[in-house]
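Asker: Need a 3D model of the following:
(4 chains)
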There are 2 protein chains.
Amino acid sequence: MLEITTINDVARLAGVSASTVSRALSGRIPVDAETKQRVLEAVQQLNYCPNALAKGLKEGKTYTVGLIIPNIRNPIFPAVARGVEDVARKHGYTVILCNTDESIPVEMDYVNKLQKRWVDGLIFATATSKSSHILQLVKEEFPVVLLVRKMEMLLDAVVVNNHMAAYNATSLLLRRGCRKIALINGNPEVNVYRERLEGFIEAHRELGLAINEKLITQGVSGAREGYNACKAILQEGLAFDALFATSDRKAMGSMKALKEKGIRIPEDVKVIGFDDLDTTEMIDPPLTTMSQPTYEMGAKAMERLVKIINSKKRLKPLVEELEAQLVIRSTT
Amino acid sequence: MLEITTINDVARLAGVSASTVSRALSGRIPVDAETKQRVLEAVQQLNYCPNALAKGLKEGKTYTVGLIIPNIRNPIFPAVARGVEDVARKHGYTVILCNTDESIPVEMDYVNKLQKRWVDGLIFATATSKSSHILQLVKEEFPVVLLVRKMEMLLDAVVVNNHMAAYNATSLLLRRGCRKIALINGNPEVNVYRERLEGFIEAHRELGLAINEKLITQGVSGAREGYNACKAILQEGLAFDALFATSDRKAMGSMKALKEKGIRIPEDVKVIGFDDLDTTEMIDPPLTTMSQPTYEMGAKAMERLVKIINSKKRLKPLVEELEAQLVIRSTT
DNA sequence: CTGAAAGCGCTTACAG
DNA sequence: CTGAAAGCGCTTACAG
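Answerer: Numbering: from 1, shown residues only, chains lettered A, B, ... in the order given. Coordinates of the predicted model:
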């Protein structure tokens, strides 16, 4: 198997002790310039690379963090993960990717495996009202940042202002004169979707407009379910002049259902999505949507986590709320 | 900070030595049933979880692997990563995600950081003809599996038969009577795209048909570049009756360019893509495409890596070639 | 079946 | 500035 060169090999070659090699490499502790030179040459010659495990064991740090998400195949998470990773790399950290499919046992399993001295901190994009294990971690002063979804408790988090985003999306439709807006929403037990529902409601209430509850479908996820949900509304024969889907995939599915019925977009029904996936401008007609700063959210969450890890004392929790941008294309 | 319970705490509480705790937990070495019981109770009571670093340092294993990909935002990689992770989890491994953006220095940086005893193996989805560092790793008998892209050298790899896939895609267009097929291809220095080009050529050659080189555009990546590439062909005034894009995103971009010119799909120009992204059936008209078994590729690559890691002796390299499936929708 | 000891590869007070 | 020693938390021959 692979020959591993250790700090002792370097010490021997450079004619110094292991301690000195360690010091020369750390840079923090003064070492005679000439000695340092010899050490560096030996390191070079042997292609030495310190064993991160031994270092971590000694220092109680691994420079590794865990990123816990529902599913990387959900199209907002690749960009989120990139944001996390790019910042992690910048600070010398490495990222362990954990998909849970919203399963609490899977998540607990990951947390147990990663927590004890394995990783220096965790980022959760899976928080729900049932995430008591996250509260437990925070209580133990383990570095944690929430991402995308926040919790009732005041914990460090980076999220989008979903209430305002949904309010703005709905208001656009209202300004366009629509009065019967169908809402295709995600699981309302997830904070994100509850807030979007509230924003939708508030935009109506502000103008004193009634909402037809029958036009609201919740717990929908993905293009296919979006298609089915829209088709169901159509089959019930309910009239509507606009449709707000709380994800672009649901919007795409809905558009397909509308087109199949010969309903024209935006003439008969206006449509607005959420996420601004990069294919939304390629579809026909190009979709109006709320653009989430996904990459930025990931990056900010990791910045925050590094700050928490490096802080001696406990920091006051900080919730960063970013804003979604309205991107107007041709469906409105 | 977090109180860490060690094996010694458990030993003290159970009234045994640390060795015995270790044995009781490992299961491999016989321990008196009653003693074992006491140990397990102590473990439970203290919520003890062995320090993976110390264990790894001692055993020379970390149960961690690195997954090195160009960019998780490229839409085939989320499914690939899920495949890798699910199998990893099944075998008790954890996955470190590394995006390189095709940059060799970034990749070298990751490899250096991960290699020395950090990770037990690496999966590369970034191989090109310039990846000499991968050959070096294999020479050192470090466990490596290539994914998506293979190399000239015979190394363990899990890929799609791209030649055949492109051949089949092209043949479909030819069978439909098309004789002037535009090809929008990726970077031909990457094995994958070179093979797809060859499959395209072979399908023509087999029928004794000529190819108009001017209808071939290479080095194109993503929806926007696909749009531009198709627009460029259109602007040159070159006639074509079909278009084969070697990714769905390029196909979607191309379709947009065609529609803008009022060209009807499939009546005037037939289009075929590659990947079978989950939004392709939602676009208008639904896209015919070659479906890649992305999840399965990731899963198989990880299975192979586990086998290599656990094998005492060097295994003979194995290249697994999976087949892409033709999914016929409405653009052909 | 069980304990004491050595050692995985590092880092860091402790002396000099 | 530098070396010898101790120790991070485990596991595993080595004795009994």
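Asker: Excluding residues flanking it in the chain, which one is nearest A:Lys130?
Answerer: Counting by Cβ to Cβ, 6 or more residues apart in numbering or on different chains, the nearest residue to A:Lys130 once its immediate chain neighbours are dropped is A:Ile104, at 6.6 Å. (Each C-beta comes from the backbone N, C-alpha and C, glycine too.)
Asker: Please disregard the earlier target; I meant A:Lys113.
Answerer: Here the residue nearest A:Lys113, using Cβ to Cβ, 6+ apart, is B:Thr94, at 6.8 Å.
Asker: What distance do you get for the one you found to DNA strand D?
Answerer: B:Thr94 sits at a distance of 16 Å from DNA strand D (criterion: Cβ to the nearest atom of the strand, to the nearest Å).
Asker: Could you measure from the nearest residue to A:Arg314 once chain neighbours are set aside over to A:Leu147?
Answerer: In this structure, A:Arg314 finds its nearest non-sequential neighbour in A:Glu141, 6.3 Å apart by Cβ to Cβ, 6+ apart. Note on A:Glu141: its distance to A:Leu147, by Cβ to Cβ, to the nearest Å, is 19 Å.
Asker: Of the two, give the one with the bigger neighbour count.
Answerer: A:Leu147 (29 against 13; other Cβ atoms under 10 Å in any protein chain shown).
Asker: For A:Pro78, what is the enclosing helix or strand?
Answerer: Taking DSSP states H and E as the criterion, A:Pro78 maps to helix A:77-90.
Asker: For chain A, which segments count as strands?
Answerer: A:64-69, A:94-99, A:121-124, A:144-147, A:157-160, A:181-184, A:216-217, A:242-245, A:270-275, A:288-291, A:319-322, A:325-327 (DSSP state E).
Asker: most packed of these?
Answerer: strand A:242-245 (a mean of 29; mean count of other Cβ atoms under 10 Å in any protein chain shown).
Asker: Can you get me a residue count around the nearest residue to A:Arg149 once chain neighbours are set aside?
Answerer: Leaving aside its sequence neighbours, A:Arg149 sits nearest to A:Ala127 (Cβ to Cβ, 6+ apart; 4.6 Å). A:Ala127 has 25 neighbours, counted by other Cβ under 10 Å.
Asker: contacting residues for A:Ala127?
Answerer: A:134, A:146, A:149-151, A:191 (Cβ atoms under 8 Å, 6 or more residues apart in numbering or on different chains).
Asker: quick one: which of the residues you listed is most hemmed in?
Answerer: A:Leu146 (27 neighbours).
Asker: Touching, that one and A:Ile134? I think so.
Answerer: Yes. Counting by Cβ atoms under 8 Å, A:Leu146 sits close enough to A:Ile134 to count as a contact (7.5 Å).
Asker: what touches both of those two?
Answerer: With Cβ under 8 Å, 6+ apart, A:Leu146 and A:Ile134 have common neighbours A:124, A:127, A:155.
Asker: Which entry within the residues you listed corresponds to the minimum pLDDT?
Answerer: Across the shared contacts of A:Leu146 and A:Ile134, the smallest pLDDT goes to A:Ala127, namely 93.
Asker: if we can go back for a sec, so which elements touch the helix holding A:Pro78?
Answerer: Contacts defined by 3 or more Cβ pairs under 8 Å, 6 or more residues apart in numbering or on different chains; DSSP states H and E place helix A:77-90 against strand A:64-69, strand A:94-99, helix A:294-310, helix B:77-90, strand B:94-99.
Asker: roughly how far is it from the heart of the chain?
Answerer: Relative to the chain's own centre, helix A:77-90 is displaced by 9 Å; criterion: Cα atoms, centre = their mean, to the nearest Å.
Asker: repeat for stretch A:227-238
Answerer: 31 Å.
Asker: Dump it to CSV, restricted to CA.
Answerer: This file holds the C-alpha atoms of stretch A:227-238, laid out as CSV (Å, rounded to 0.1, in the frame of the first residue of the first chain):
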residue,chain,number,x,y,z
TYR,A,227,-49.0,19.2,-13.3
ASN,A,228,-51.5,17.0,-11.4
ALA,A,229,-52.5,19.8,-9.0
CYS,A,230,-53.3,22.2,-11.8
LYS,A,231,-55.1,19.5,-13.8
ALA,A,232,-57.3,18.8,-10.7
ILE,A,233,-58.3,22.4,-10.4
LEU,A,234,-59.1,22.5,-14.1
GLN,A,235,-61.2,19.3,-13.8
GLU,A,236,-63.2,20.8,-11.0
GLY,A,237,-64.2,23.5,-13.4
LEU,A,238,-63.1,26.3,-11.1
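Asker: for the record, mean pLDDT for it?
Answerer: For stretch A:227-238, the mean confidence score works out to 96.
Asker: Name the surrounding residues that touch that stretch.
Answerer: Residues outside stretch A:227-238 that contact it (Cβ under 8 Å, 6+ apart): A:182, A:184, A:212, A:214-215, A:217, A:220, A:240, A:243, A:250, A:253-254, A:256-258, A:260-261, B:282.
Asker: one more time with 7 Å, if that's ok
Answerer: A:182, A:184, A:214-215, A:217, A:220, A:243, A:253-254, A:256-258, A:261 (Cβ atoms under 7 Å, 6 or more residues apart in numbering or on different chains).
Asker: What's the separation between A:Ala11 and DNA strand D?
Answerer: 8 Å.
Asker: just to revisit the earlier point, in CSV: the strands of chain A, plus distance to A:His204.
Answerer: Shown next, in CSV, are the strands of chain A (distance: least, Cβ to Cβ, whole Å):
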stretch, distance to A:His204
strand A:64-69, 33
strand A:94-99, 37
strand A:121-124, 33
strand A:144-147, 29
strand A:157-160, 21
strand A:181-184, 8
strand A:216-217, 11
strand A:242-245, 11
strand A:270-275, 15
strand A:288-291, 17
strand A:319-322, 23
strand A:325-327, 18
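Asker: Perfect, I'm done here.
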